[in-house]
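Novice: Turn this into a model:
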Amino acid sequence: LECLQMLLHNLLFTDSINFSPYCIFTTAECLVQVYSEWMSGDIAWRMQVSTFTSTIVLKLNFSTTELQGHWFTTSELVFDYMFQHILLSDKTNVTNQSGRKVLHPLLMSLANIHSEVRTKVSHHAFVPVAFLPVVDFIHNNQQMKSVLSDHLYHQCLDIVVKPLKIAAQIGIMLSDPLGNSQYCYMPLASCIVDMPEACLIACV
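Specialist: Sure, this is the predicted structure:
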């Protein structure tokens, strides 16, 4: 949560964060929808509705405006915000010829930040939150080594994201870029991993 709060207070992202889901259409009849950022997708709307209606019924203000030939439909919550986080994990070889040292960093970012800003390395939009342990068990059975390694991965990941699970269910107070306290929900938007780690997370 401290990492996400640091991203919210970063002045580089003040004008590059969407606080509410929105839809972009090519015409006022809303026939053809344009998808650009995460918050313009249908899943962001569904996550917002399912998150807030399961806790308390809130008033939604809908508005439609025209900008640069496109029509924008936005929903604005009266009290709460939803900041959807992104997890990124990849086991990396640090050295190949001197001991084969391996690190397994876990990084986090906000899906609310515009993609063109978030993907720039110089902006440091992905912050490291933990380094997952990479161990070599002394068990003789190779299959048991794999089971123990997978179990350790899931247990460590559960410890790291436990505060985020609580924030996704009941919400938490955070400060927005202007310094105002807002009641926020923190659902997981996506997890960026390679194929082996995706199978590890899915337990297959």
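Novice: Show the average pLDDT along the lengthiest helix in the chain.
Specialist: When the chain is scanned for its longest helix (criterion: DSSP state H), the result is helix 142-160. Mean pLDDT, helix 142-160: 88.
Novice: tilt between whichever helix or strand comes after that helix and helix 142-160?
Specialist: Using DSSP states H and E, the helix or strand that follows helix 142-160 in sequence is helix 162-170. Per axes from the mean of the first three to the mean of the last three CA atoms, to 10 degrees, the angle that helix 162-170 makes with helix 142-160 is 60 degrees.
Novice: Name the residues that touch helix 162-170?
Specialist: Counting by CB atoms under 8 Å, 6 or more residues apart in numbering, helix 162-170 makes contact with Leu1, Thr51, Thr55, His85, Ile172, Cys184, Tyr185, Met186, Pro187, Leu188, all of which sit outside it. Using the backbone N, CA and C atoms, a C-beta is placed for each residue, glycine as well.
Novice: Please spell out which residues along the longest helix of the chain are buried.
Specialist: Tyr153, Cys156, Leu157 (16 or more other CB atoms under 10 Å).
Novice: Please identify which of those residues is nearest to Gln5.
Specialist: Using CB to CB, Leu157 is the member of those that lies nearest Gln5, at 20.7 Å.
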